[in-house]
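Engineer: pasting the sequence and the predicted model now:
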Amino acid sequence: MSRTLDIAPLRSFVAVADAGGFQRAADALHLSQGAVSQHVRRLESAIGRPLVERSGRGSRFTADGEKLLSLARGLLALHDEVLQSFDDEARGTIVIGSTEHAAAQLLPCLATTLDASAPRYRVTFRIDRGTKLRESFAAGRVDLALLIGPADDPRATPVGDLSLTWYAAPGWRPPRKGEPLPIVAFDNPCALRERALGTLAHHAIPVTVAAEANQLAGVQAAVSAGAGVALLATLGRTPEGLVARDDLPRPKPLPLALWTRPGVAPTVAERATDALRRLLTTPVLTGVPPHDLVLAKGA
């Protein structure tokens, strides 16, 4: 058999699933979106079947894509295990968990920082809902976890705030006065959902939940289709196909904390904390000009 499944395309394919989209996978892997798309096409050519199909304005895995995804995870794990077994300098793996809200902009920079400051560790990522990440952290499957919420635990260190912005489709128009505002929200439980509903309730704005989704890609797709507005943490980068709305009440920021599993080297946790604090106070990620940065910590 002359067909071959190369490791790099398989890694891109799994990243698309874990990151929730081609662009976010490209950011996490430090590749272009075109390179990730090309990797998936190479896999489709080797398999001989489509792995991804269009779904509205987005895309989803086919049944064959889901099958390959499950097998690819095992192949990559075995591949990495083999390489690590021959690396005399390897001391272990740092697993970083994050919600989707912070992943696209923060994780690539955090990985670069740890690669430079802790080169004898291999960094891997786990992107999931907050409740699932907390469960993984409690079970010891995640070493460092970026979680939204108060840092009222000795294992949690505040690193900054996530600024929140309302987004809608370019042609979306608000409802008439007195009619409920349609919003697109994440499934419960979700801090962004609570903040969106709480902010609007505080300003006595009637609301109807027009669409719900479990993942960021689903929320963005519903907003792009004109279902309503959504409150998102994009760290100053407007999602493709959406526009920011400044005609709705400005929400309060959400605190972000880095949770560190006992046993993680203190220097690794310290460098990760410092890197995140720097990232969350840069104009690019806060979306404000430098002279306004003193008070610009957002959620």
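Structural biologist: Right, received. Where do you want to start? Residues are numbered from 1 along each chain as shown.
Engineer: contacting residues around the residue positioned nearest the centre of the chain?
Structural biologist: Among the residues of the chain, the one closest to the centroid is E100, at 2.3 Å (CA atoms, centre = their mean). By CB atoms under 8 Å, 6 or more residues apart in numbering, the residues touching E100 are A19, G20, R24, I127, Q215, L216. The C-beta positions use only the backbone N, C-alpha and C, and glycine is treated the same way.
Engineer: the fifth one touches G21, doesn't it?
Structural biologist: Spelled out, that is Q215. No: with contacts counted by CB atoms under 8 Å, Q215 stays clear of G21, the gap being 9.1 Å.
Engineer: and these two? Which one has more around it.
Structural biologist: The residue with more neighbours, out of Q215 and G21, is G21; 24 against 16, by other CB atoms under 10 Å.
Engineer: the stretch 1-150 of the chain: helices as residue ranges?
Structural biologist: If you assign secondary structure with DSSP state H, counting those that start in this stretch, the helices in the stretch 1-150 of the chain sit at 7-19, 22-29, 33-47, 63-85, 100-117, 130-138.
Engineer: give me the buried positions along the last one.
Structural biologist: Read it as helix 130-138. By neighbour count with 16 or more other CB atoms under 10 Å, helix 130-138 contains the buried residues G130, L133, R134, S136, F137.
Engineer: for that helix, packing partners?
Structural biologist: Under the contact criterion of 3 or more CB pairs under 8 Å, 6 or more residues apart in numbering; DSSP states H and E, helix 130-138 touches strand 92-98, strand 144-148.
Engineer: and those strands, which one is worst for confidence?
Structural biologist: Of all these, the segment with the smallest mean pLDDT is strand 92-98, scoring a mean of 84.
Engineer: quick one: contacts of that strand?
Structural biologist: 106-107, 110-111, 114, 118, 121-128, 133, 136-137, 141-146, 264, 268, 272.
Engineer: any of those residues buried? List them.
Structural biologist: The neighbour count (16+ other CB under 10 Å) marks 106-107, 110-111, 114, 118, 121-128, 133, 136-137, 142-146, 264, 268, 272 as buried among those.
Engineer: could I get the phi/psi values of the closest residue to V243 other than its chain neighbours?
Structural biologist: Counting by CB to CB, 6 or more residues apart in numbering, the nearest residue to V243 once its immediate chain neighbours are dropped is P170, at 5.2 Å. In this entry, P170 is assigned phi and psi values of phi -50, psi -40 (degrees, to the nearest 10).
Engineer: just to check, P170 is in contact with R245?
Structural biologist: No: proximity of P170 to R245 does not meet the contact threshold set by CB under 8 Å, at 10.8 Å.
Engineer: out of the two, which sits in the more crowded spot?
Structural biologist: When neighbours are counted by other CB under 10 Å, R245 comes out ahead of the other of P170 and R245, with 15 against 9.
Engineer: ok, now how distant is that one from D128?
Structural biologist: R245 sits 28 Å away from D128 when distances are taken as CB to CB, to the nearest Å.
Engineer: same question, H79
Structural biologist: Between H79 and D128 the computed distance is 23 Å (CB to CB).
Engineer: circling back to that earlier point, return the most buried member of the helices of the stretch 1-150 of the chain.
Structural biologist: A comparison of the helices of the stretch 1-150 of the chain by mean neighbour count, using mean count of other CB atoms under 10 Å, puts helix 22-29 on top with a mean of 22.
Engineer: touching, D161 and K252? I think so.
Structural biologist: No: D161 sits out of contact with K252 when judged by CB under 8 Å, with a separation of 9.0 Å.
Engineer: which of these two has more residues huddled nearby?
Structural biologist: D161 (20 against 14).
Engineer: wait, a helix at that one?
Structural biologist: No: the secondary structure assignment for D161 gives strand rather than a helix, going by DSSP: H, G, I helix; E, B strand; the rest coil.
Engineer: show me what contacts the residue lying closest to G58 once chain neighbours are set aside?
Structural biologist: Distances taken as CB to CB, 6+ apart put A221 closest to G58, at 4.5 Å, once the chain neighbours are dropped. For A221, the residues meeting the contact criterion (CB under 8 Å, 6+ apart) are S55, G56, R57, G58, A213.
Engineer: filter these down to the buried ones.
Structural biologist: Looks like the contacts of A221 have G58, A213 buried, using 16+ other CB under 10 Å.
Engineer: all set, thanks.
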